[in-house]
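S.K.: Sequence first, then the predicted structure:
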Amino acid sequence: MCCNTFKFVPYFKENKTMTYDFNTIEKKWQDYWSKNQTFKASNTSDKPKYYVLDMFPYPSGAGLHVGHPLGYIASDIYARYKRHKGFNVLHPQGYDSFGLPAEQYAIQTGQHPAVTTEANIKTYRRQLDQIGFSFDWSREVRTSNPEYYKWTQWIFIQLFESWYNNDSNKAEHIDTLVEKFASEGNATVNAACDDDIESFSAEDWNNYSSEQQQEILLKYRLTYLAETEVNWCPALGTVLANDEIVNGVSERGGHPVVRKKMTQWSMRISAYAERLLQGLDTVDWTDALKDIQKNWIGKSVGASVSFNVNGHDDIIDVFTTRPDTIFGVSFMTLAPEHELVSQITTAEQKEAVEAYIEKTAKRSERDRMADVKTISGVFTGAYAEHPFSKEPIPIWIGDYVLASYGTGAVMAVPCGDQRDYDFAKHFDIAIPNIFEGVDISEEAYASKDNVKIANSDFLNGLAYKKASKLAIYQLEQLGQGEGKTNYRLRDAVFSRQRYWGEPFPVYYVNGMPQMIDKAHLPIVLPEVEKYLPTEEGEPPLGRADVWAWDTESNTVVSNDKINHTTIHPLELNTMPGWAGSSWYFFRYMEDAANRDGVFASEDALKYWENVDLYIGGSEHATGHLLYSRFWVKLLKDRGFVNVEEPFKKLINQGMILGTSAFVYRVNERRDVFISKDLFDAFLNSQTNEEASKRILAVTGTETPTFSKVHVDVNFVNASDELDISKFRNWRAEFKHAKFIEDKIIVLREVEKMSKSKYNVVNPDNIVADYGADSLRLYEMFLGPLEQYKPWNTAGITGVHNFLKKMWKLYVGENGLKVNDAEPTKDNLKTLHKTIKKVQEDIENFSFNTSVSTFMIAVNELTAQKCTSKEILEPLLVLISPYAPHIAEELWSQLGHNESISTAVFPTFDASHLVESSKKYPISFNGKMRFTLELPMDMPKDEIEKTVMAHEKTIAQLDGRTPKKVIVVPGKIVNIVG
RNA sequence: GCUGAAGUGGUGGAAUUGGUAGACACGUUGGACUUAAAAUCCAAUGUCCAUUAGGACGUACGGGUUCAAGUCCCGUCUUCAGUACCA
């Protein structure tokens, strides 16, 4: 202790109000917004409405990383912008809080999913709050809240009580169907329903028992209980919808999925296939996303054709898109699972057919998908009759025909379909050519264009369109076919054998499902002691002791009271994740205070209509975004809402990727690590010798090999240099890590942000180090919203420095610099240029470019030494949607008592941008050589004269005479020759 | 295979209707300030040739249209996403 005994006193103690103290400022304004309910939306306003919505998050245990808020920041900027533009903005947020991860966690730890979900929501809320979003939190929804899922159950009952009338082209109450049955039977009913419906008269109907009637109605309801082949995931112990399966394995967890027959609730979304398709033309979504939905719906127009089977009463129906090729049919193929296979197979073929069916049944969906090339099939021995030529057609079975599409049978036209062609070649079946002048010796001719039909009786000489029409007409005359449109879209399985989801408002009497009266909702999720299926294989709700419905008291009662007369068992399945998210956007419309008794009031629904701008990931294209559209159409048909589509404009934000960091580890000496630079030198033949020597000296290995090792991105600075001590302290295995070099430059690679790659960046750290405004600006600055782009924390200093510079434009060492000085021409030009660009950018959702525009504006105004309030005040409004905290702080320092969020967006005045002269680029043969400043109003010929006389032009031409001189006034001069 | 999106410096990206390619940042290099460091400020920075002046080449690749092409047209390649025996 010698000279350091005195207390260190800084030369200059910084005044906190003079420097950009972002932590204090941001806290201050977040508190202010919360206390003053600045962003609370009102359901009554003279202003036009605007509804900006984010896809609400599933609150996972891991919390947010910097990729998550990207879309929220974009939508927040837009919402704030719309407020400045005089709109009454609804910008709510909530949680999709039912779901698998919480349940998987509950299975492992025994903790109630409600408890962990609550904790996760707290974390999410804290993380979201510190980014400074302008959410109206008073309208928050949580799908796992009984007050919310009461209405999810209510909608389910509405679906159960609806049928789809193809004549009126909308859903109607089931009572209208019952009336029709009672008065006319079902012959005149044109409904979306199951295929296996037998016709009955009014008399039949009236004589049916109520149970028989219920059974029939189930085949018409928009949600129905049916034994269907489902995607069963044994690892998750539940069924999955088609959109929850990716490449044959479960989307969550990647577990195998098998086909299994189970009795399940299904949603008759197929009834809406056409409207879901047509509706896409009315919404402002990207073509990419519309295409995904179009493909998923998979409309194909063609005909159904009935083939009589020789020697049987059976008829095989097929669907074809090419009725014009009917004379090219040389065989038929049925899916192995087709119901007629066993009936029509001849005795001789029985053994082969059964063996084949057994073999294909064993193959999983995934094997079948992976192995498309192998051709397999068996002849059934049976023949069908060609509807026109009456020729016998051999009937085969083959697994290239899918039981789940169309009728599970095809009329094979080998000359016009490559699969049929390959099958015919493989089994040596005839390939008749029905196309005029087309060579089919190598492959089928599948095109519909530029072809005329031949060898086809009455179709000869016709092109595709006319031939199809005529073929359908002739089939109709025979009563053996008709025009038909087919959709790939399947009904959606709605039951999940899980705990953490909405319970169904359903109990069973003699195996028939009964709806609980809407007055008694919600049916609250019961407690269970374990979240696993029961020993009998029933879903977790099978473990609940109090899970029976008392029809007298209308309450849930203990199971041991079940008497099957007044007290019945309740449904054990729960609803899937997409149930709650299919209508939550309506719930936000209602003020939280008025939510009792309505899912949203008529007035609220009328006022807010639907979402004007929806931002979220494209991974929901075939799930949430399709199911919501379906439910909205149902609610519209039944008169509960006024809109046909939920989301007018939709933007998919791109994913933010991580920038992983690596060092190279020497495999022969696992404690030795080298940098990317040394590794590169080692690979390079010119520098190899030197590098090898250095490595040899430490490792003793002449021919070392290396492997890449991830290092935590938080140990790497902006120059890609590794902090060696942090690395050594990171994990025990690196404690004694040896580095040959003083400076370790890491290898960087872009990968998905994930814990296992050690490239996850937590927004909490960014906010603490640079502030929320910097985070917001940087996320936008990274690149176009829709694009995938890598995150690299190093770059954030750019926007952070910008904010500091901006602060200095307003606040100097002696306090606020802003005064009433008259703005200069340049000041006004900078401001109005900025207004124009920022407004255009926001309206085009080009947020990245407006951040650069702000930088340019601040750079220019700083250079101009601008202190004029007339300039600097509107500039704050421009920037406030992006960086709201600093904008609020400076706004208040300028003397405003109201939040900047309601300030009017500045008006662009083009007169400030009018230039008197233009710096013309003078190019020669298209190449710019120099610029020349000329008056804006100089006429064309005058420009040409001036340019041609210029010394640089003469030097460029070097004595040549130009062939042509192009002058575009205000733009460019190009001299050719 | 089909459908869609994209390919621009060392890096993220800009160029909205064909008209100065690389705005704005990051990084790098040099300088100022400092005992030193940090912070801040200034300058340079597409590649190659050239002492300078200047020049050549440059937006995945090959053609084309045009006075002029990152942008329009034809063909090819690559990457990403969706979908996949859909009759």
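M.R.: That came through fine. Numbering: from 1, shown residues only, chains lettered A, B, ... in the order given.
S.K.: For the residue in the stretch 151-300 of chain A positioned nearest to RNA strand B, what is the enclosing helix or strand?
M.R.: Among all residues of the stretch 151-300 of chain A, residue A:288 sits closest to RNA strand B, at 3.2 Å; criterion: CB to the nearest atom of the strand. Glycine gets a C-beta too; all of them are placed from N, C-alpha and C. In this assignment (DSSP states H and E), residue A:288 forms part of helix A:287-297.
S.K.: Strand partners (parallel or antiparallel) of the helix or strand that comes right after that helix?
M.R.: The element immediately downstream of helix A:287-297 (helix or strand, assigned by DSSP H and E) is strand A:299-309. Paired strands of strand A:299-309, with direction, are strand A:315-320 (antiparallel), strand A:378-385 (antiparallel), strand A:481-487 (antiparallel) (DSSP bridges).
S.K.: Quick one: mean pLDDT for the last one?
M.R.: On average, the pLDDT along strand A:481-487 is 91.
S.K.: Now for residue A:914, how many residues are close by?
M.R.: Applying other CB atoms under 10 Å, we find 8 residues neighbouring residue A:914.
S.K.: for residue A:461, same thing?
M.R.: One way to gauge burial is a neighbour count; for residue A:461, by other CB under 10 Å, it gives 12.
S.K.: distance of the residue nearest to it when sequence neighbours are not counted from residue A:438?
M.R.: Of all residues beyond its chain neighbours, the one nearest residue A:461 is residue A:452 (5.7 Å), with distances taken as CB to CB, 6 or more residues apart in numbering. From residue A:452 across to residue A:438, the span is 9 Å (CB to CB, to the nearest Å).
S.K.: Name the helix or strand for the residue in the stretch 651-800 of chain A that RNA strand B sits nearest to, please.
M.R.: When distances are taken as CB to the nearest atom of the strand, the stretch 651-800 of chain A approaches RNA strand B most closely through residue A:798, which lies 2.1 Å from it. Counting by DSSP H and E, the element that carries residue A:798 is helix A:796-810.
S.K.: Do I have it right that residue A:876 meets residue A:887?
M.R.: Yes: with contacts defined as CB atoms under 8 Å, residue A:876 counts as touching residue A:887 at a distance of 4.9 Å.
S.K.: Provide a list of residues in contact with the spatially most central residue of chain A.
M.R.: By CA atoms, centre = their mean, the mean C-alpha position of chain A lies nearest to residue A:618, the distance being 2.3 Å. Listed by CB atoms under 8 Å, 6 or more residues apart in numbering, the contact set of residue A:618 reads A:288-289, A:292, A:652.
S.K.: Now, of those residues, which are buried?
M.R.: For those, burial is judged from neighbour counts taken by 16 or more other CB atoms under 10 Å, and it is met by A:289, A:292, A:652.
S.K.: Within the sheet, what are the partner strands of the helix or strand just after the helix holding residue A:798, with directions?
M.R.: Beyond helix A:796-810 in the direction of the C-terminus, DSSP H and E gives the next helix or strand as strand A:811-812. Based on DSSP bridges, the strands next to strand A:811-812 in the sheet, each with its direction, are strand A:815-816 (antiparallel).
S.K.: can you give me how far the strand it pairs with is from the chain middle?
M.R.: If you compare the mean C-alpha spot of strand A:815-816 with that of the full chain, they lie 47 Å apart, counting by CA atoms, centre = their mean, to the nearest Å.
S.K.: Contacts for it, please.
M.R.: Identification of contacts with strand A:815-816 by CB under 8 Å, 6+ apart yields A:17-18, A:810, A:893-894.
S.K.: related to what we said a few turns ago, so which of the strands paired with strand A:299-309 gets nearest residue A:668?
M.R.: strand A:378-385 (58.0 Å; CB to CB).
S.K.: average model confidence for that closest one?
M.R.: Along strand A:378-385, the predicted local confidence has a mean pLDDT of 93.
S.K.: For it, list every residue counted as buried.
M.R.: Within strand A:378-385, the residues that count as buried by 16+ other CB under 10 Å are A:378-385.
S.K.: Who are the contact partners of the residue of the stretch 551-700 of chain A found nearest RNA strand B?
M.R.: The stretch 551-700 of chain A approaches RNA strand B most closely through residue A:622 (5.4 Å), counting by CB to the nearest atom of the strand. With contacts defined as CB under 8 Å, 6+ apart, the neighbours of residue A:622 are A:242-243, A:292-293, A:296.
S.K.: try 7 Å this time
M.R.: By CB atoms under 7 Å, 6 or more residues apart in numbering, residue A:622 lies in contact with A:243, A:292-293, A:296.
S.K.: Narrow the residues you listed to those that are buried.
M.R.: Of the members of the contacts of residue A:622, the ones counted as buried by neighbours, 16+ other CB under 10 Å, are A:243, A:292-293, A:296.
S.K.: Give me the subset of these that also touch RNA strand B.
M.R.: Restricting the buried ones among the contacts of residue A:622 to those within reach of RNA strand B (CB under 7 Å from any atom of the strand) leaves A:243, A:292, A:296.
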